[in-house]
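K.L.:
Kindly generate the corresponding structure for this input.
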Amino acid sequence: MRKKENSKSLMIGVPGIVLQMVGNFFKPEDSGGEGAILCGLLMLAGTVLLIWGLWYYAKSRDRSGYWSLCGLLSCIGIIILACLRDKHATGCETTPLSQIEPPDLIPPGDGDWAMWDDDA
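P.N.:
Take a look at the predicted model:
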């Protein structure tokens with residue numbers, strides 16, 4: 001995991017979650033027309049910040065930034081992103097089969113087969 005992108009994701013994503021909670025905390029029905037608009041804008045700004053933060057989180061795991069759209073699924077999307085393996089740490093690069101050397105099947109030593117014989 002890349003530390004720089006991960007810290008950016010926290011700095012942007014956490015305020016997004018907080019803005020969504022504040023927008024949901026004040027009920028739009030109770031606050032009237034202007035309050036409903038304000039709550040809607042808070043939730044929209046929170047969603048945009050959350051998706052932007054998840055973009056950096058996906059990039060910190062060497063994944064496509066489009067994985068951040070899982071944030072539209074709310075908590076389930078965040079759990080999906082958290083469960084993704086980190087390509088950077090695991091080294092998921094593959095080697096073509098044409099470049100893999102076959103194992104050496106000749107036993108070590110000067111041709112002494114006694115060590116490989118089950119009867120010895």
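
K.L.:
Report the separation between residue 35 and residue 16.
P.N.:
Applying C-beta to C-beta, to the nearest Å, the value for residue 35 to residue 16 is 21 Å. From N, CA and C alone the C-beta is placed, and that goes for glycine too.

K.L.:
More neighbours: which of these two?
P.N.:
residue 16 (20 against 14; other C-beta atoms under 10 Å).

K.L.:
Now the helix or strand containing that one: buried residues?
P.N.:
Per DSSP states H and E, residue 16 falls inside helix 3-25. For helix 3-25, the buried set under the neighbour-count rule, 16 or more other C-beta atoms under 10 Å, comprises 5, 8, 9, 12, 13, 16, 17, 19, 20, 23.

K.L.:
now the next helix or strand after that helix against helix 3-25, angle please.
P.N.:
Using DSSP H and E, the helix or strand that follows helix 3-25 in sequence is helix 32-60. If you take axes from the mean of the first three to the mean of the last three C-alpha atoms, to 10 degrees, helix 32-60 sits at 160 degrees to helix 3-25.

K.L.:
Quick one: list the elements packing against helix 32-60.
P.N.:
Judged by 3 or more C-beta pairs under 8 Å, 6 or more residues apart in numbering; DSSP states H and E, helix 32-60 is in contact with helix 3-25, helix 75-83.

K.L.:
Torsion angles phi and psi at residue 62?
P.N.:
The phi/psi pair for residue 62 (degrees, to the nearest 10) reads phi 60, psi 40.

K.L.:
Quick check: closest non-adjacent residue to it.
P.N.:
Once flanking residues are discounted, residue 62 sits nearest to residue 87: 3.8 Å by C-beta to C-beta, 6 or more residues apart in numbering.
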